[in-house]
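Colleague: Predicted coordinates and the sequence they were generated for:
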Amino acid sequence: MILFVTGTDTGVGKTFFTVNLLKVLKESGKDVLGFKPVETGCDPVCEDATKISEVCGKEIPPVYSFKTPVAPSVAEILENRKIDIGLLKEKIREYESETELLIVEGAGGIMVPISGSYTFLDFAREIADEVAIVALNKLGVINHTLLTVEVCKYNNLNLKGVFLNNFGKENERKDVSRISNFDTLKELLNVPVFKFKTAEDFKSFVEFF
Ligand SMILES: Nc1ncnc2c1ncn2[C@@H]1O[C@H](COP(=O)(O)OP(=O)(O)OP(=O)(O)O)[C@@H](O)[C@H]1O
Ligand SMILES: C[C@H](N)[C@H](N)CCCCCC(=O)O
Ligand SMILES: [Mg+2]
């Protein structure tokens, strides 16, 4: 079983979500592995893959890692290294055979190109059983989340849910939308919508996975 983790953007908390979900599922006795197949911004450390490896208790490096903090399709040109999608899929199948649930993190949002015009959407269509969308709670999240959900639905991806990340300053006076975004998303979407902020919040997700 493969869960693909995407987000409404880069920096919205996909890794925080992936790592904490892996942690609580492992603690509940579930056989899980995490994997970040392509990572950019490895300068020099691939932060995401390192965090995922730590929580999995074994070294799980990206198949492709790039120094430049850009889309993989750009990094492969700048660093003159072509990404072989077949190799990514091979590694996914290998890890999938070793576990009950493989959680795969993309890079940035779902329309980010991996190589040429081949995007994480194309990749998810070919490898994912389910897709989780991580969204950062701030003004603009409604549009970004509905766009991402729409694209996933249009491409017949099986949406596990939207996970609203309440990370950030509590000062809601500056961004009043943070108060209402969760309820608004629940009203507008016919997919499950959850919220999280701390590692503790992930305990309530276990039964859902
Ligand atoms: N709920 C949270 N609590 C504490 N820190 C958080 C939370 N969510 C995100 N962060 C921090 O915010 C930063 C960005 O989060 P994260 O790296 O998970 O984003 P991402 O979507 O995986 O980014 P990328 O597209 O680069 O993979 C990180 O430093 C992360 O530790
Ligand atoms: C470098 C960053 N941490 C991500 N891994 C890559 C994000 C690519 C975003 C491309 C884009 O949407 O414009
Ligand atoms: Mg990440």
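Modeller: Sure, I can see it. Ligands and ions are numbered 1, 2, ... in the order given.

Colleague: Please enumerate the strands of the chain.
Modeller: 2-7, 32-35, 38-39, 64-65, 101-105, 113-115, 118-119, 130-136, 159-165, 193-196 (DSSP state E).

Colleague: Quick one: closest of those to ligand 2.
Modeller: Relative to ligand 2, the nearest member of those by C-beta to the nearest ligand atom is strand 38-39, separated by 6.3 Å. Where you see a C-beta, it was placed from the backbone N, CA and C, and this is true even at glycine.

Colleague: chain center to the closest one: distance?
Modeller: 12 Å (C-alpha atoms, centre = their mean, to the nearest Å).

Colleague: ditto for stretch 117-130
Modeller: Relative to its parent chain, stretch 117-130 has a centroid offset of 12 Å by C-alpha atoms, centre = their mean.

Colleague: Contacts made by it with the rest, please.
Modeller: Defining contact as C-beta atoms under 8 Å, 6 or more residues apart in numbering, one finds that stretch 117-130 is touched by 1-4, 6, 73, 85, 88-89, 92, 104, 106-114, 131, 151-152, 155-160.

Colleague: Near ligand 2, list only the ones from these.
Modeller: 107-109, 112 (C-beta under 6 Å from any ligand atom).

Colleague: Among those, which one is most surrounded by other residues?
Modeller: Ala107 (26 neighbours; other C-beta atoms under 10 Å).

Colleague: and that residue, what is it in contact with?
Modeller: 10, 36, 38-40, 71-72, 114, 120.

Colleague: mind putting the strands of the chain in JSON lines, mean neighbour count included?
Modeller: Shown next, in JSON lines, are the strands of the chain (neighbours: other C-beta atoms under 10 Å):
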{"stretch": "strand 2-7", "mean neighbour count": "25"}
{"stretch": "strand 32-35", "mean neighbour count": "24"}
{"stretch": "strand 38-39", "mean neighbour count": "26"}
{"stretch": "strand 64-65", "mean neighbour count": "22"}
{"stretch": "strand 101-105", "mean neighbour count": "25"}
{"stretch": "strand 113-115", "mean neighbour count": "21"}
{"stretch": "strand 118-119", "mean neighbour count": "18"}
{"stretch": "strand 130-136", "mean neighbour count": "25"}
{"stretch": "strand 159-165", "mean neighbour count": "22"}
{"stretch": "strand 193-196", "mean neighbour count": "20"}
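
Colleague: Great, nothing more from me.
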